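K.L.:
Can you look at this prediction? I've put the sequence above it.
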Amino acid sequence: MKTIGNILFYSLIVSAFSFYTMDIHAKDAEKPQSLHDFIVEDIFGDPFDLSQLKGKKVMVVNTASKCGLTPQYEELEALYREFGGENFTIIGFPANNFMNQEPGTNEEIITFCQENYGVTFPMMSKVSVKGRDVAPVYEWLTTKELNGKQDVRISWNFQKFLIDEDGQIHDVLSPRESPRSEQVLSWLSDIAE
């Protein structure tokens, strides 16, 4: 009887361990592998499934309305009007992480963007791009363990992530670099052809 009891006990332990390791792998499998694995909220409060961007190049940029770099909205919009469409888009994420330079509500932000810069590219709801309350999409963008490419420090408003058609980080540009820099135009050159 002891032998059967021991066998049952060890079988139970092995089963529990197998279940535990399966659970760990299942959780690993659920980790986002690309930008396309996220559903965010647009500036109007509606879900925005980033998987709809598969096959497109994407520029992800954290924005602010009261920043010295805020005039970049004009360049972003010009870039979007020239290249946006089937093969490229820009996604703006307003954030108030730097010196309270984006204090407004979503409604105030979109009104400001449209009235002052004619913004038509997709804007998302205001998020945090760093710190303890960082939005999951920005956690992925800035963490090598998650994105598989590099750790990135968000240094200021208007930092730009260039995302390839597969939803992977191609490059990261500093906030001061123009959205229409030679590097960006070169990256988009195959779209213009």
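P.N.:
Ah, there it is.
K.L.:
Now do residue 161, the pLDDT please.
P.N.:
Listed pLDDT for residue 161 reads 98.
K.L.:
ok, the residue nearest the centre of the chain - contacts?
P.N.:
For the chain, residue 137 is the residue whose C-alpha lies nearest the centre (Cα atoms, centre = their mean; 4.1 Å). Contact analysis of residue 137 by Cβ atoms under 8 Å, 6 or more residues apart in numbering lists 35, 38, 40, 50, 60, 93, 127. Where you see a C-beta, it was placed from the backbone N, CA and C, and this is true even at glycine.
K.L.:
How about residue 55?
P.N.:
Residue 55 neighbours (Cβ under 8 Å, 6+ apart): 87, 165.
K.L.:
continuing past the lowest-mean-pLDDT helix or strand in the chain, what's the next helix or strand?
P.N.:
Least confident helix or strand, the chain: helix 2-30 with a mean of 45, by mean pLDDT, DSSP states H and E. Later in the chain than helix 2-30, the nearest helix or strand by DSSP states H and E is strand 39-41.
K.L.:
What are the buried residues along that following strand?
P.N.:
residue 40 (16 or more other Cβ atoms under 10 Å).
K.L.:
counting contacts, what elements does it pack onto?
P.N.:
strand 47-49 (3 or more Cβ pairs under 8 Å, 6 or more residues apart in numbering; DSSP states H and E).
K.L.:
now for the strand it packs on, which elements pack on it?
P.N.:
Secondary-structure packing of strand 47-49 (3+ Cβ pairs under 8 Å, 6+ apart): strand 39-41.
K.L.:
quick one: strands adjacent to the strand it packs on?
P.N.:
strand 47-49 (antiparallel) (DSSP bridges).
K.L.:
now the helix or strand containing residue 89, how far from the centre of its chain.
P.N.:
Following DSSP H and E, one finds residue 89 within strand 88-94. Counting by Cα atoms, centre = their mean, to the nearest Å, strand 88-94 is centred 9 Å from the centre of its parent chain.
K.L.:
Ok, stretch 63-76 next?
P.N.:
That offset, for stretch 63-76, works out to 18 Å (Cα atoms, centre = their mean).
K.L.:
and it, how far apart are its ends?
P.N.:
11 Å (Cα to Cα, to the nearest Å).
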